[in-house]
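Participant: Dropping the sequence and predicted coords here.
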Amino acid sequence: MNVRRSAAVLAAVAVFGSAAAPAAFADTASPSPSAKLPSGLYGDADPKFDGVFRQSYALLAQDSVGVKPAAKSVDWLTGQQCTNGGYAAYRPDAGEPCGSKTMFDSNATASAVQALAALGGQQKTVGKSVDWLKSVQNQDGGWGYSPGMDSDANSTGIVIGALVAAGEKPQSVKSQDGKSPYDALPALAMSCGKDGGAFGLADVKSGKLSPNADATAAGVLGAHGKGLVVDAAKKKEAAPKCAKADTAEQAASNGTGYLLKTLAKGDDHLMSSMPGAKNMPDLGNTADSVLALAAAGQPEQAEKSAQWLAKNSAQWAEKSGPAAYAHLIFAARAAGLDPRDFGGADLVKQLGAQGPAPQATEKAADEKKDSDDGGVSIWWIIGVGMVAGIGIGFLYSGNKKKQQL
């Protein structure tokens, strides 16, 4: 579980009680020896609080690098959907209907939408989830972690990404009060003074907003209409200037400036900002910041931070599992780096090892097509020799297409 999930669950604790508290530690918790996880699920940690979330990240990351996930992994994710289109964080028995006690999760639903929309062929499932997200939109135009909770930048940002992935126009998705998510985001932005123009995260007790890097990254992404898969910026935009956040665009500009300054002070990475957390590097939020900066046209800092991740993320990813590997793949792509050679690590292979073997890759499919078409491929080896004697002849080597390398 990354910090975004932990922050969301901490917020849920304030509304639904202490039962959700163990979620903050779900990234290191393993299921009991007697528990058997579904064969299509990625990761072996307890999925109680992040099963759908990490599965969605894993499948979307694989798709983003041309890998076709295993069919049973996709089936597991679609099978987690409730009949109303919403998703809970995890349903151990998807055969049991969702009911009044089901804790629906906007973040899990939005991440599933992004993954399934990218994979294709899931229009009905995606459409039901989008309808559910629209049905639980707050009057201010945003979304909270669960229905009934106040809007937050993290949830609103990831839902915007889901809407875009599903072909919706976020500015046209409006509440009964006529507010869109782009109306909600400015209200979640902080002032330019001591708060630095960041997006805020609400304190679980007081509800007071405090500057938060993860909320800022999500808010910037959402304001730019981007999801988790962001292409590397082709040109650098001008340095942002902080001003009153009266529009989502200005709030995003302010947030971009906050991230640039914070990353520069921290030697290109963020430090943990979770309540009670040790003062240590925050790799998940650093990866999210790379996506936000790429979306905002700030490729230099995006690449610097991605390079820092390439040097320092191996242990974190190994401990944290599939969502961490997916995060790094997203960051590598957004910074224009190679996910298959990220500080010497093949993130694609490492993510694939977290779950069922994928069906195929675009690279493998292209090589097979070349071979089937009779084009030049790695199977074709030609040797040319000359022999002396009467006249000059040429000796051609046999076609070695069938030879195994």
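Facilitator: Sure thing, it's come through.
Participant: I'd say I329 and S64 touch.
Facilitator: Yes: between I329 and S64 there is a contact at 6.6 Å, judged by Cβ atoms under 8 Å. Heads up, the C-betas are built off the backbone N, CA and C, glycines and all.
Participant: Tell me the secondary structure at the residue nearest in space to the middle of the chain.
Facilitator: Centroid-nearest residue in the chain, with Cα atoms, centre = their mean: L228, separated by 4.4 Å. Three-state call for L228 (DSSP: H, G, I helix; E, B strand; the rest coil): coil.
Participant: List the buried residues of the longest helix seen in the chain.
Facilitator: What stands out as the longest helix in the chain, according to DSSP state H, is helix 248-265. Neighbour counts over helix 248-265 (16 or more other Cβ atoms under 10 Å) mark 248, 250-260, 262-263 as buried.
Participant: Over to stretch 162-182?
Facilitator: Using 16+ other Cβ under 10 Å as the test for burial, stretch 162-182 gives 162-166, 168, 170, 173-175, 179-182.
Participant: With stretch 207-218 instead?
Facilitator: Within stretch 207-218, the residues scored as buried using 16+ other Cβ under 10 Å are 209, 211-218.
Participant: and what of stretch 291-301?
Facilitator: Neighbour-count burial for stretch 291-301 [16+ other Cβ under 10 Å]: 291-299, 301.
Participant: next one: stretch 315-327
Facilitator: 316-317, 320-327.
Participant: Can you flag which of those residues belong to helices?
Facilitator: Counting by DSSP H, the buried residues of stretch 315-327 place 316-317, 320, 322-327 in helices.
Participant: Count the residues that sit near H224.
Facilitator: H224: 22 surrounding residues under other Cβ atoms under 10 Å.
Participant: contacting residues for it?
Facilitator: 252, 295-296 (Cβ atoms under 8 Å, 6 or more residues apart in numbering).
Participant: how much space between it and D183?
Facilitator: 16 Å (Cβ to Cβ, to the nearest Å).
Participant: Please apply the same query to Q359.
Facilitator: According to Cβ to Cβ, Q359 and D183 sit 42 Å apart.
Participant: Compare those two and say which one has the larger neighbour count.
Facilitator: Using other Cβ under 10 Å as the criterion, Q359 and D183 rank with D183 on top: 18 against 15.
Participant: thinking again about what came up before, out of the buried residues of helix 248-265, which is nearest to Q137?
Facilitator: Checking the buried residues of helix 248-265 against Q137 by Cβ to Cβ gives A248 as the nearest, at 15.5 Å.
Participant: Verify the stated contact: the closest one with G225.
Facilitator: No: applying Cβ under 8 Å as the test, A248 and G225 come out as separate, 9.5 Å apart.
Participant: returning to what we had before: would you mind pulling up the elements that the longest helix of the chain packs against?
Facilitator: helix 181-187, helix 213-223, helix 283-295, helix 299-312 (3 or more Cβ pairs under 8 Å, 6 or more residues apart in numbering; DSSP states H and E).
Participant: helix or strand right after that helix?
Facilitator: Using DSSP states H and E, the helix or strand that follows helix 248-265 in sequence is strand 270-271.
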